[in-house]
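Asker: Generate coordinates for the sequence data below:
(one chain, ligands or ions: 2)
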Amino acid sequence: MLDLHVHLLGHLDRKVTKAAVREFLNAAVEKGISYIGFADHDLYWEHFNFSLVRQVGEEYPELQVRIGLEVDYREDREEEIAAMLQACPFDYVIGSVHQIGDWLFDYPEEEKNHHKRDADKLYKEYFAIVEKAAKSGLFDIIGHFDLIKLFGVRPQTDVRLLAAPALEAIKEAGLVVEVNTNGRYKPVQEFYPEYKLLELIKELGIPVTLGSDAHHPGAVGRDISEACLTLQSLGVKEINFFSGRKSIQLPLAF
Ligand SMILES: [Zn+2]
Ligand SMILES: [Zn+2]
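Answerer: Ligands and ions are numbered 1, 2, ... in the order given. This next block holds a predicted model:
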C-alpha cells in the first residue's frame, strides 16, 4: 500500500525533527504502508529538511520514503512555482487548487459562501483552474481533483461534463490523479474524486495514485486500503509511485 500525500509539517504545527519523522514512519508501518511520500504545502517548503528525512528513512528498510511537495496552484504563480521546483530535488509534485481568484475556498468558515453561489458556475470556475494547472507543465500529480465539492454543494449539470475539459488536459499532459481519502472527513464525506469521476478516469486511461492528506501521524494511511478496493473494483491494475520526478508503476495487489 502507498500514501503519497502526507504533511509532515502539518500547517507548520511541528518541526522536521528525527522524532517527528519517526512518528509518521512508525504510523505508516503500523498501517501496512510500504511506500510513503511527504508532500508538504509549498508555503512551508523552506522549513523542510531533505537530508534529515532521508537519513531517518534509512532506519526503515521495509519502507520506501520519498519527498514531494503539494503546490497551491494559481495562474499568476507559475513562474514562482517553476523557480521553487528548480531549487529542490523533489521526487514528485502535486498540483492542487485551493483558491478561486482571491477566494481561499476550502477554509471551514467559507462553507456558507459555497451555498450562496451558483453551483454550476462554481464547479466550472474551479475545474477551469485545474485545467490550467494540468496544462502548466509544472506537476506530476493533480491533488484532490474535485475538492470544490467539500461542503457537499453539487452541480445541477452532470459533474462528468463539468470535469471533462480538466480530465482531457490531465490525460494530454500525462499526469496522475490521486485518490485522496481525506474528503471523507469533510462535510461531503466521500473520497476525492467521487466514484463516477473515478470511473471516467479509468475509462480515459488516466493513471492514479493514493494519498491520505494526513496532517498528523494518526491519519497516515487512513482509508487507503478501502481506496485500493475501490480502484480494484473499477479494474485498475496499477498505481503510481515516484522517484526523481519519474513515475513508477506498481501492481495494485492487495
Ligand atoms: Zn490540498
Ligand atoms: Zn494536502
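
Asker: Whatever residue of the stretch 51-200 of the chain ends up closest to ligand 2 - how many residues pack around it?
Answerer: Sorted by distance to ligand 2 under CB to the ion, the residues of the stretch 51-200 of the chain start with Glu70, at 4.7 Å. To be clear about C-beta, it is placed using only N, CA and C from the backbone, and glycine gets the same treatment. Applying the criterion other CB atoms under 10 Å, we find 28 residues in the vicinity of Glu70.

Asker: do the same with Glu80
Answerer: Going by other CB under 10 Å, the residues that sit close to Glu80 add up to 12.

Asker: for Tyr92, same thing?
Answerer: Going by other CB under 10 Å, the residues that sit close to Tyr92 add up to 24.

Asker: got a list of what it touches?
Answerer: Leu4, Gly37, Ala39, Arg66, Gly68, Leu69, Asp140, Ile141, Phe242, Arg245, Ser247 (CB atoms under 8 Å, 6 or more residues apart in numbering).

Asker: Return the residues of the stretch 1-150 of the chain in contact with ligand 2.
Answerer: Residues of the stretch 1-150 of the chain lying close to ligand 2 (CB under 5 Å from the ion) are Glu70.

Asker: Can I take it that the residue of the stretch 51-200 of the chain closest to ligand 2 is in a strand?
Answerer: Yes - when DSSP: H, G, I helix; E, B strand; the rest coil is applied, Glu70 is found to be in a strand.

Asker: Show me what it is bridged to.
Answerer: His41, Ile94 (DSSP bridges).

Asker: For the remainder of this discussion, apply numbering that starts at 32.
Answerer: Shifting the count to begin at 32 puts that one at Glu101.

Asker: picking that back up, farthest pair in the contacts of Tyr123?
Answerer: The distance between the two most remote of these (CB to CB) is 15.6 Å, for Leu100 and Ser278.

Asker: quick one, which of those two is more surrounded?
Answerer: Leu100 (25 against 19).

Asker: show me where pLDDT drops low in this protein?
Answerer: When the per-residue scores of the chain are filtered using pLDDT under 70, the ranges that remain are 285.

Asker: For Leu198, which three-state class applies?
Answerer: Three-state secondary structure (criterion: three-state DSSP) places Leu198 in helix.

Asker: was I right about it contacting Ile232?
Answerer: Yes - using CB atoms under 8 Å, Leu198 and Ile232 qualify as a contacting pair, with a distance of 6.7 Å.
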